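Peer 1: What would the 3D arrangement of this be:
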Amino acid sequence: MTAHATIRLARVYAPGRAEGAALVLAAPLSFWGGVDAETGAIIDRSHPDLGKCVRGRILVMPGGRGSSSSSAVLAETIRLGTAPLGIVLAAADPILTVGAIVAESLYGLRCPILVGDIAGIADGARLYLAADVAGEGRIEIGTAG
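Peer 2: Numbers count the residues shown, from 1 in each chain. So this is what the prediction gives:
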């Protein structure tokens, strides 16, 4: 990150580090029935971000939504390489957290999940997530690009 990055502290729910462009969603998303595990595309026809792809992005959203099966779908996207690089939520979601923890346990692959202030994060902004096991993490927000 550059010297012009804004830094926000966040709570770690799944550890790891990630850097990439933000995909900011207007509404919570369920991975079960909401994300195509093969491609990472949002397929929930009622979601305002239908058609966007979570693959290779830092997913930023108010929270998760829906079925406990979302944890299995998130773990599968992580295994397939179609998952977000990391997830930033405004409110904790234990279902997504379980998916990330299971993927790390089964496949040795991490998708950090942090919970903190998402206000003002622009779609496409460069984010760096530092989510240590200790429970306190950092979100560095650069400019869109």
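Peer 1: Mind jotting down where the strands sit in this protein?
Peer 2: For the chain, applying DSSP state E gives strands covering 6-14, 16-24, 58-61, 86-89, 113-115, 125-131, 136-144.
Peer 1: I'd like to know which elements the last one is packed against.
Peer 2: Using 3 or more C-beta pairs under 8 Å, 6 or more residues apart in numbering; DSSP states H and E as the contact criterion, the secondary-structure elements in contact with strand 136-144 are strand 6-14, strand 125-131. Where you see a C-beta, it was placed from the backbone N, CA and C, and this is true even at glycine.
Peer 1: In terms of pLDDT, where does the residue nearest in space to the middle of the chain sit?
Peer 2: Residue closest to the mean C-alpha point of the chain, counted by C-alpha atoms, centre = their mean, is Ile87 at 1.7 Å. Looking at Ile87, its pLDDT is 98.
Peer 1: pLDDT below threshold where in this structure?
Peer 2: 1-3, 145 (pLDDT under 70).
Peer 1: any idea which helix is longest in it?
Peer 2: The longest helix of the chain (DSSP state H) is helix 94-107.
Peer 1: tell me the phi and psi of the closest residue to Gly40 other than its chain neighbours?
Peer 2: Distances taken as C-beta to C-beta, 6 or more residues apart in numbering place Arg55 nearest to Gly40, at 3.1 Å, with adjacent residues excluded. Main-chain torsions, Arg55, degrees, to the nearest 10: phi -60, psi 130.
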